[in-house]
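1. okay, structure incoming, though there's no sequence with it:
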């Protein structure tokens, strides 16, 4: 059995709980994502649309969340979430593309970061150009500069986006902050059993309002809603997930019901425990560095240098072309360390004016198992 097939089997077993939760979900408001259903194999079909390297990393990094009920994985893996997570289209070949959730908001930067994983470690990104439609029906399309503009088709003519152009930057910035592992809304497994920690509606609402104030988004709204229209918001400890809608300037905190019991297989238990250990190590490094950065104003380059040194000392390594080739090698089993112990480093573009002082955000998303973002935004 191939490495990827083995993890697909694990994901399929875990998705039984995912399917039960998704089938019960109903939209709390018109246009919300919660009414969309994701069948038992919907997740795997979605996973197969990605590059093989991304598939395996995704399997390793989400299986523990799926094993607890799958609610958070469903949110971030379901289709049609452009209001929640700004995305761009990255044309890797003339016949294939990667739809990526942007980390920086700069489509060229985000596409270049994705390129090594999307090509299974074969290539770094060539010079890239971003294109947009005059009617703004698509956010951005990025492809090699040498190809010229994308095919017109029925969409109409394309226009070359200027240097420094960004996808809805306030939405991107807020999304990065909310899925940072220091946030209780990140969905990252933080408990000893590998499950995501529950939290309380009042505390989460205050945390989001503090972020909005720090980001200069005081005109935005926060709304707490149950994922099931027939259920009231609970005052108990529950799983939450943020739904960021830039169009209505609203952060909707989706509260899920009590988690259904789910018995992990030995393999799922090992993966969950390894992920939880990694979470705690990374969170400790991140908090230590950011406390230091709060006392002194550090540049993005300085934050990167400090992160790289601390991560190396703790046994973490940056992803590379050889990393992606390794996880696409079907002849040898891939250990969970290739997911847990590697990270993709992202540096905020200089063109973005979000503040003078850099911090570190760590997210379980992106090119490797972890995305580490050095940016001039408050964590």
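-> Arrived safely. The shown structure was predicted, so the numbers you read here are calculated from the model rather than taken from an experiment.
2. the residue nearest to residue 349 when sequence neighbours are not counted: what's it in contact with?
-> Nearest non-adjacent residue to residue 349, counting by CB to CB, 6 or more residues apart in numbering: residue 106, 4.7 Å away. Backbone N, C-alpha and C define where each C-beta goes, glycine included. Residues in contact with residue 106 (CB atoms under 8 Å, 6 or more residues apart in numbering) are 164, 165, 166, 167, 349, 351, 352.
3. how does it look with 10 Å?
-> Residue 106 makes contacts with 88, 112-113, 130, 140, 142, 161, 163-167, 169, 172, 348-349, 351-352, as judged by CB atoms under 10 Å, 6 or more residues apart in numbering.
4. which among these end up buried?
-> The neighbour-count test (16 or more other CB atoms under 10 Å) marks 88, 112-113, 130, 140, 142, 161, 166-167, 169, 172, 348-349, 352 as buried among those.
5. between the residues you listed, which is nearest residue 279?
-> Among those, residue 113 lies closest to residue 279 (CB to CB), at 22.0 Å.
6. isn't that closest one up against residue 125?
-> Yes: assessed by CB atoms under 10 Å, residue 113 is found in contact with residue 125 at 8.1 Å.
7. quickly list what's touching both of those two.
-> What both residue 113 and residue 125 touch, as defined by CB under 10 Å, 6+ apart, is the set residue 90.
8. ok, the residue nearest to residue 349 to residue 117 distance?
-> Using CB to CB, to the nearest Å, residue 106 is found at 18 Å from residue 117.
9. equivalent analysis for residue 364, please.
-> Residue 364 is 15 Å from residue 117, by CB to CB.
10. which stretches of this structure form helices?
-> Per DSSP state H, the chain carries helices over the ranges 3-24, 42-48, 52-67, 71-77, 107-118, 169-178, 201-214, 266-295, 300-313, 321-327, 337-340.
11. low-confidence regions, the stretch 251-379 of the chain specifically.
-> Applying pLDDT under 70 to the stretch 251-379 of the chain picks out residues 261-262, 330-336, 365-369.
12. change it to 50
-> When residues are selected by pLDDT under 50, those of the stretch 251-379 of the chain lie in 366-367.
13. run through the bridge partners of residue 245.
-> Counting by DSSP bridges, residue 245 is bridged to residue 250.
14. make 18 the first number, not 1, from now on.
-> Got it, the first residue is 18 from now on, which makes the last one we talked about residue 262.
15. hmm, it is touching residue 271, no?
-> No: using CB under 10 Å, residue 262 is not in contact with residue 271; the gap is 11.7 Å.
16. who has more neighbours out of these two?
-> Neighbour totals were compared for residue 262 and residue 271, and residue 271 leads with 24 against 19 (other CB atoms under 10 Å).
17. from what I see, the more buried one and residue 256 are in contact.
-> Yes: look at residue 271 against residue 256 with CB under 10 Å: they come within range, at 8.9 Å.
18. for residue 226, grab the count of nearby residues.
-> Applying other CB under 10 Å, we find 16 residues neighbouring residue 226.
19. for it, what are its contacts?
-> Applying CB under 10 Å, 6+ apart, we find residue 226 in contact with 234, 235, 237, 238, 239, 268.
20. got the domain ranges for the chain?
-> Domains of the chain are assigned by automatic domain parsing as 104-184, 281-392.
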